[in-house]
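> Quick one, fold the following:
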Amino acid sequence: MRKVCATVRKISAETKEDSAETIKVSAPRREFSASQPKVCAATRKVSAATILFSAATNKVSAATNKVSAPIMREFAQKCNGREVLTKVWNPRPLNLQFRLTSGAIGLYFVMGDIIRKFSARMQVGLLVSNCSSLLFKTTWTVLSMSETHESLLNLINASGFLLQLRIEHEIESTQREHNWQIVGREHYWKDPDSGDDGFIDIVLQSETLRVIVECKRVLDGSWVFLLPDSPKANLRRARLYWTDTQVDRQNIYGWCDFCLTPDFPESAFCVIRGQGEKDKPMLERLSGIVLKSLESLAEEEMRLTQLGRHRIYIPVIVTTASLEVCKFDVSKVSLQTGQLQLPDGQFETVPFIAFRKGLATKYLPERLLPDLRTANQEKERTIFVVQATELLSFLKHLPNLKMFDEYEAFPWRAAREQEIRRAMLSGSS
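Here you go, the predicted model:
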């Protein structure tokens, strides 16, 4: 009897455990059953939205048909005097279906902004193809014209070509005033050493002088040049590129300091809004490209002709940015912050400025240099930065280039004399 009771108690315990497991399994089922009404409600909302979208699509199709049908009928009546359009609309939205008879007729419809504005404007184009007299049916898809004249104009205005063309026009229309003529536009150049290439915007010529013009459009921006108070603030110098070609003699070239009249403000530092501390300064980067194009152009011109003449090449960047100079006393700069206070910095707008810096690209002098200071000076280059509205004034008053000492020979003459002396020494030996 005791054994029977023990067995009964054991069976009862197992039955309780099975009941507990059944309750655990039933709980997720009850939760799932409770969530079913929510899923059904969401499904009904999606179905209602689908119905509304379909209704809107049908309205768009109806509006498209209403706008385009009169134009299509008029066009069909003008096609060889025949009524070629028999069936117009396809029930599928935004598709046109045509049945054409004999003749060289095909239609291509471009409908502007119908989807967005239900606009009545439409452009109709004609595709002509030689067709047989058999009836045929084709389907054309209506394309919405997303590009408007205003958007295309914005695209053009975003480029710098308009400024370049305007500068060309200004130079050509005032040529009698400054005696500069355009001898190249979009002139292709390629550096044989580095493989870099590009296009020079404008090349100007006046006798033996060449001006390499790079146009840079800037909207509502200023280029600020630092001009510390010192005797070197305004200088009468420019380090420019020169070449000399002689018949049956080796071409010679190099960079040399020429004397300017009158003097120009000169700076080695330009601050432009939007530049990060880790970014390569924009003006230095642009100047490097201009100098490479200048040297490549000079090499090309030396290969083209042997006229026994020298040439001087002047790099110029023309920009729509406002050119500002900040004059200040260097001793007023704080050593703690590296900054100036407003009263210590005086700003002035200038029409043009000489930007001079160690911007050497590839040219290195053949002669030995005595020290590092001289080597640093040899790497310096001068680029004129001109405000676009002041370009004509710059060209009119482009300084006469001469040497600092009136008894000093121009660099090509000095190089030719040195060449003769070397030839005489080698012949005597």
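> what about the longest strand in the protein?
Looking across the chain with DSSP state E, the single longest strand is strand 252-267.
> host element of residue 324?
Assigned by DSSP states H and E, residue 324 belongs to strand 322-328.
> Downstream of that strand, the next helix or strand is which one?
strand 345-349.
> related to what we said a few turns ago, tell me what angle the strand holding residue 324 forms with strand 345-349.
Interaxial angle, strand 322-328 versus strand 345-349 (axes from the mean of the first three to the mean of the last three CA atoms, to 10 degrees): 150 degrees.
> list the buried ones in strand 322-328?
323, 324, 325, 326, 327, 328 (16 or more other CB atoms under 10 Å). C-beta: built from backbone N, CA, C; applies to glycine.
> start to end distance for stretch 215-225?
19 Å (CA to CA, to the nearest Å).
> Average pLDDT for it, rounded please.
Stretch 215-225 shows a mean pLDDT of 91.
> Can you tell me what sits against that stretch?
160, 162-164, 167, 201-202, 265, 267, 269-273, 283, 286, 317-326, 347, 350, 353, 355, 385, 388 (CB atoms under 8 Å, 6 or more residues apart in numbering).
> show me where the stretch 151-300 of the chain has strands.
181-190, 197-206, 209-216, 222-228, 234-244, 252-267, 270-272 (DSSP state E, counting those that start in this stretch).
> Nearest to residue 300, out of those strands?
Evaluated over the strands of the stretch 151-300 of the chain, closeness to residue 300 peaks at strand 181-190, with 7.3 Å, by CB to CB.
> Need the residues that contact that closest one.
Contacts for strand 181-190 (CB under 8 Å, 6+ apart): 164, 168, 171-172, 175, 196-206, 292-293, 296-297, 300.
> contacting residues around residue 322?
With CB under 8 Å, 6+ apart, residue 322 has these contacts: 221, 222, 223, 349, 387.
> Of these, which is the nearest to residue 380?
Of those, the one sitting nearest to residue 380 (CB to CB) turns out to be residue 223, at 19.7 Å.
> Chain neighbours aside, what residue packs nearest to the closest one?
By the measure of CB to CB, 6 or more residues apart in numbering, the closest residue to residue 223 outside its immediate chain neighbours is residue 321, 4.8 Å from it.
> got a list of what the one you found touches?
With CB under 8 Å, 6+ apart, residue 321 has these contacts: 216, 218, 221, 222, 223, 272, 387.
> so how far is residue 214 from it?
To residue 214, residue 321 is 13 Å away according to CB to CB, to the nearest Å.
> Just give me the neighbour total for residue 217.
18 (other CB atoms under 10 Å).
> Helices of this protein, start to end?
Taking DSSP state H as the criterion, the chain carries its helices at 2-78, 114-117, 149-157, 161-173, 175-178, 282-304, 372-378, 391-396, 411-428.
> Any idea which of those has the lowest pLDDT on average?
Among the helices of the chain, helix 114-117 scores lowest, at a mean of 42.
> So residue 206 versus residue 260, what's the distance?
16 Å.
> ok, and the closest non-adjacent residue to residue 411?
Closest to residue 411 by CB to CB, 6+ apart is residue 256, at 4.2 Å.
> Return the residues in contact with that neighbour.
239, 240, 242, 411.
> just residue 329 next, same as before
Here residue 329 is in contact with 228, 229, 344 (CB under 8 Å, 6+ apart).
> Any idea which of those the model trusts least?
Within the contacts of residue 329, lowest confidence goes to residue 229 (82).
> Surely that one and residue 331 touch.
No - judged on CB atoms under 8 Å, residue 229 makes no contact with residue 331 at a distance of 9.3 Å.
> okay, these two: which has more neighbours?
A count of neighbours by other CB under 10 Å puts residue 229 above the other of residue 229 and residue 331, at 13 against 8.
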